[in-house]
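Peer 1: Task: produce atomic coordinates for the following.
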Amino acid sequence: MAGPQDRERVRELLDSVRAAGREALTAPEGRIVAEAYGIAVPGEELAQDIDEAVACADRLGGPVVLKIVSPDVPHKTDAGGVVVGVRGAPEVRAAFRRIIGNVRAYAPDARIDGVQVQQLVPPGQEVIIGAVTDPTFGKVVAFGLGGVLVEVLKDITFRLAPVTADEAKSMLDSIRAAEILRGVRGTPPVDRWALAEQIRRVSQLVADFPEIAEVDLNPVIASPDGAVAADIRILLATGTVVPRRTYGREEILVSMRRLMEPRSVAVIGASDEQGKIGNAVMRNLVDGGFSGEIHPVNPRAGDILGRKAYKSVTDVPGEVDVAVFAIPARFVASALEEVGRKGVPNAVLIPSGFAETGEQALQDELVAVAERYGVRLLGPNIYGYYSTWQHLCATFCTPYDVRGGVALTSQSGGIGMAVLGFARSTRTGVSAIVGLGNKADIDEDDLLTWFGEDPNTRCVAMHLEDLKDGRAFVAAARRTVPKKPVVVLKAGRTSAGARAAGSHTGALAGDDAVYDDILRQAGVIRAPGLNEMLEYARSLPVLPTPKGDNVVVITGAGGSGVLLSDALVDNGLALMEIPPDLDAAFRAFIPPFGAAGNPVDITGGEPPSTYEATIRLGMEDPRVHALVLGYWHTVVTPPMVFAELTARVVGEFRERGIVKPVVASLAGDIEVEEACAYLFERGVVAYPYTTEKPVAALGAKYRWARAAGLLT
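Peer 2: Alright, predicted model coming up:
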C-alpha cells in the first residue's frame with residue numbers, strides 16, 4: 001500500500017492537474033497514481049511520434065495497444081483513439097497515423113500529448129473496479145463484470161471505501177456472475193487474492209484523496225496469474241462541499257435521552273379549543289399519563305386543561321427538556337429563539353410549511369437559530385412522537401400505549417399513521433414511534449444511536465426516503481446490529497443512474513444499487529415493502545436466535561410443503577438433509593402414505609398427537625436448528641387445537657432451555673386467524689393464508705444473526 005512518499009507524489013500530481021484547470025488525468029498520469037498504490041498495470045511508454053512508437057513497441061515486445069493521450073479526449077474509444085493487437089513496425093506506424101487522424105476528425109482542437117504504447121494483456125476475464133463519490137455515502141468502491149458489456153449487464157456491487165481485505169473478497173461473491181471467477185466449463189479460476197487487492201487499493205486511494213471524484217479500472221483482466229488494469233481513468237471533483245454539522249456520540253446520547261426520557265415538556269401553542277393541534281397534543285400528554293411536568297405556552301391563555309399557561313417558554317419555571325411546537329410555520333423561528341434562550345435542548349416541530357413546500361429559506365433560518373443555541377430539532381412537518389415507556393404521547397394523532405421492544409420511525413406522516421394502525425391491530429408492543437419529517441437536524445443516525453443503547457428497544461424499524469449522512473447511519477448501524485436487528489424500508493427504489501457521469505462506474509451507481517449493497521454491508525435488514533418492514537419488526541423480537549442453518553419443514557399438506565420449501569430458497573435458507581436415524585424416527589409417527597425426508601409430510605387427516613410427536617422430534621434433536629410448520633385445517637385437528645399443542649410443546653422445551661425459532665403457516669377457514677394470534681403471543685411466528693410471510697420472517701432473523709456474527 002502507498003507509503004508517505006508515494007502519497008506525496010500523488011498529492012503533487014493531483015495539485016498540478018487541478019492548477020491546470022483539468023478534471024481528468026491523462027493515461028500516463030493515471031499510471032503514476034496506480035504505481036504509487038500498487039495497482040497492477042501493463043508495461044507502457046509514451047510516444048511523441050511514429051518512430052518513437054515503433055521503438056517503444058520493440059522494447060515492450062509482443063503485441064501492443066496504442067491509445068491516444070489527450071486531456072481533451074476523455075473517452076478514447078469513442079474518438080477512435082484506441083487500436084488493439086498491433087504487431088511489428090508497419091502495423092505500429094499505420095495504427096499511429098490512424099489514431100491521430102481519427103482524433104483530429106473527432107476533436108479538431110484537442111491537445112494531443114502523444115500516443116501511449118501499452119503491452120497487450122494476455123486473455124482473461126474482464127472485470128471493472130472503480131470508485132465514485134456518492135451523494136449519500138461519500139466514497140464508494142465498485143466491482144463487477146467489465147469490458148464493453150459493463151453497462152448492459154450492470155452486474156456490479158458496491159461497498160463503502162475503504163474496504164478491508166475480507167470486504168473486498170466478499171465483493172467477488174456478491175455479483176450474479178460470481179461463479180465465472182471460480183472457473184466454469186474448464187476455464188481456470190482467477191487469482192482472487194490479486195483481484196481483491198486491486199479493489200482494496202482503489203478504495204484506499206479514494207479514501208486518501210477526497211478530491212478524486214471517480215476512478216475506473218476497466219477492463220481489469222483477471223487470470224490465474226493475477227489481475228492487471230488495462231485502462232485507468234481518474235476524474236477530479238469540481239467545487240467545494242459545505243460540511244454538515246455533526247455531533248459526537250456522547251452528545252447525541254445526552255440530547256436523545258432528554259428527548260426520549262424527558263422530565264418536563266412545554267407545548268408551544270397549547271390550546272383549550274378542540275380541533276386545534278395544540279389542544280390535541282396537550283390532551284395526549286395529559287391523558288397518556290406522562291408523569292413529568294407539562295407546561296402549556298400561549299400568550300392569550302391563563303389556564304389550559306387545568307394547567308397554568310405561560311406567555312413565553314422563558315417564563316416556565318425550572319428546566320424544560322422538550323418544547324413541542326404547535327404553531328403556524330411563520331411564527332416558529334421567533335418562538336425557537338425563546339426556546340434557545342431558555343436552554344431547552346430539544347424542539348419537536350410539528351408544523352408544516354417549510355422545505356417540503358418550497359420554503360427552504362424558512363427552514364434554513366430554523367437550523368441557524370437552533371445551531372446558535374445548541375437546540376436539536378425533530379422535524380419540521382411531523383406528527384410528533386411516542387415514547388411509550390415514559391407514557392409520553394407528544395403528537396396530535398391517536399394515542400398508543402402498548403409498551404414493548406419495537407422502535408419505529410418514519411419520514412412520512414402517512415407512513416407513520418400506517419405504523420400506528422398496524423401496531424394497534426396486531427397489538428405490537430412499541431418502545432417508541434417517531435416522526436422525522438424534513439429532517440432539518442435530527443435524523444436516523446441520531447435515533448439509531450439512541451435506540452441501540454436503549455434497554456427497552458429490542459428491534460429498530462425505519463422508513464426512510466433518503467439519508468442525510470449515509471456514513472453516520474452506517475456507523476450507528478454497525479454498533480447496533482450486534483445487539484439488536486435494524487430493519488429499513490428505503491423508499492424510491494428506481495435507479496437514478498441516468499445522472500451525468502464521467503465513467504462507467506459513475507453511470508452504474510444508481511441510488512438504489514448503492515443503498516442496497518451498503519445497507520447489507522452495515523448488517524441492516526432491508527424490507528421490500530411497508531408491510532414487510534412492519535412484520536419483520538413485529539416478529540424478530542419474538543423469534544429466538546437460531547444456532548445453525550438446519551431448517552426442517554413439518555406439514556400436514558404436501559402442497560404447502562412445496563411452497564414453504566420454495567420460500568426457504570427465496571429467503572436464502574435451505575432444507576436440512578435429514579440423517580437416516582432422524583428420518584426413521586419421523587416415519588414412526590406418520591402414515592405409510594405420508595412422506596418423511598424434508599419436508600416431513602404427516603398428511604392432513606392426522607390427529608393432534610401426530611403433530612405433537614413430530615414437533616417434539618424437531619425440538620428435541622440438536623441437529624435441527626429451526627422449524628417451519630405447515631398446518632391444514634381439518635375437523636380432526638382444528639386450528640385452536642393445533643395452536644394450543646404447538647405453543648405448549650414449544651413452551652415446555654423453552655423451560656428446559658431448548659430454544660429454537662418456530663414459524664407456522666396456517667391454511668383454513670377464518671378460525672386460523674385466531675389460532676395465529678394465539679401462537680404469536682406465545683413465541684411462535686404464525687400467519688394465516690400465506691406460506692411466504694412466516695418464512696420471510698425466519699429469513700430476516702437469519703440475515704440478522706449472520707450480520708451480528710452469531711452464525712458462521
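Peer 1: gap between residue 632 and residue 641?
Peer 2: 13 Å (CB to CB, to the nearest Å). Any C-beta I mention is one placed from the backbone N, CA and C, and that applies to glycine too.
Peer 1: And residue 310, by the same measure?
Peer 2: Going from residue 310 to residue 641 by CB to CB gives 61 Å.
Peer 1: Compare neighbour counts for these two and give me the winner.
Peer 2: Set residue 310 next to residue 641 and count neighbours by other CB atoms under 10 Å: residue 310 wins out with 20 against 14.
Peer 1: Toward the C-terminus from whichever strand or helix holds residue 451, list the very next helix or strand.
Peer 2: In this structure, residue 451 sits in helix 444-453 according to DSSP states H and E. Per DSSP H and E, the first helix or strand lying C-terminal to helix 444-453 is strand 459-464.
Peer 1: what residues does that following strand touch?
Peer 2: Contacts with strand 459-464, where a contact means CB atoms under 8 Å, 6 or more residues apart in numbering, come from 405-412, 415, 419, 436, 444, 447-448, 451-452, 480, 484-491, 527, 530, 533-534, 536-537, 540-541.
Peer 1: ok, that strand: who's next to it in the sheet?
Peer 2: strand 403-410 (parallel), strand 486-490 (parallel) (DSSP bridges).
Peer 1: these two touch, right, residue 517 and residue 174?
Peer 2: Yes - between residue 517 and residue 174 there is a contact at 7.1 Å, judged by CB atoms under 8 Å.
Peer 1: Surely residue 525 touches residue 486?
Peer 2: Yes - using CB under 8 Å, residue 525 is in contact with residue 486, at 6.8 Å.
Peer 1: More neighbours: which of these two?
Peer 2: Neighbours per residue, other CB under 10 Å: of residue 525 and residue 486, the larger number sits with residue 486, 29 against 25.
Peer 1: Name all residues that make contact with that one.
Peer 2: Residue 486 touches 448, 459-462, 477, 480, 523-525, counting by CB under 8 Å, 6+ apart.
Peer 1: and if we set it to 6 Å?
Peer 2: By CB atoms under 6 Å, 6 or more residues apart in numbering, the contact list for residue 486 reads 460, 477, 480, 524.
Peer 1: Count the neighbours of the nearest residue to residue 419 once chain neighbours are set aside for me.
Peer 2: Of all residues not flanking residue 419 in the chain, residue 408 sits nearest, at 4.9 Å (CB to CB, 6 or more residues apart in numbering). As a burial measure, residue 408 scores 27 neighbours (other CB under 10 Å).
Peer 1: What separation do you get for residue 408 and residue 707?
Peer 2: From residue 408 to residue 707 the distance is 20 Å (CB to CB).
Peer 1: where does this structure dip in pLDDT?
Peer 2: Applying pLDDT under 70 to the chain flags the ranges 1, 147-153, 241, 493-511, 712.
Peer 1: most residues in a single strand of it, which one?
Peer 2: Counting by DSSP state E, the longest strand found in the chain is strand 212-223.
Peer 1: quick one: the longest helix seen in the chain to chain centroid distance?
Peer 2: In the chain, assigned by DSSP state H, the helix with the most residues is helix 88-106. Here the centre of helix 88-106 is set off from its chain's centre by 48 Å, with CA atoms, centre = their mean, to the nearest Å.
Peer 1: Pull up the pairing partners for the next helix or strand after that helix, direction included.
Peer 2: Using DSSP H and E, the next helix or strand after helix 88-106 towards the C-terminus is strand 114-119. Paired with strand 114-119 in the same sheet, following DSSP bridges, are strand 44-47 (antiparallel), strand 64-69 (antiparallel).
Peer 1: separation between the spatially most central residue of the chain and residue 467?
Peer 2: Nearest residue to the geometric centre of the chain (CA atoms, centre = their mean): residue 519, 2.0 Å. Distance, residue 519 to residue 467, by CB to CB: 10 Å.
Peer 1: out of everything not next to it in sequence, what's closest to residue 190?
Peer 2: Among residues not flanking residue 190 along the chain, residue 222 sits closest, at 4.0 Å (CB to CB, 6+ apart).
Peer 1: Specify the beta-bridge partners of the one you found.
Peer 2: Per DSSP bridges, the residues bridged to residue 222 are residue 125, residue 227.
Peer 1: Next, the contact list for it, please.
Peer 2: Shown in contact with residue 222 (CB under 6 Å, 6+ apart): 124-125, 127, 190, 195.
Peer 1: Which one (most neighbours) among those?
Peer 2: Among those, the one with the most neighbours (other CB under 10 Å) is residue 127, at 30 neighbours.
Peer 1: which residues sit in contact with residue 336?
Peer 2: By CB under 6 Å, 6+ apart, the contact list for residue 336 reads residue 369.
Peer 1: how about it, phi and psi?
Peer 2: Residue 336 adopts backbone torsions of phi -70, psi -30, taken as degrees, to the nearest 10.
Peer 1: Sounds good, over and out.
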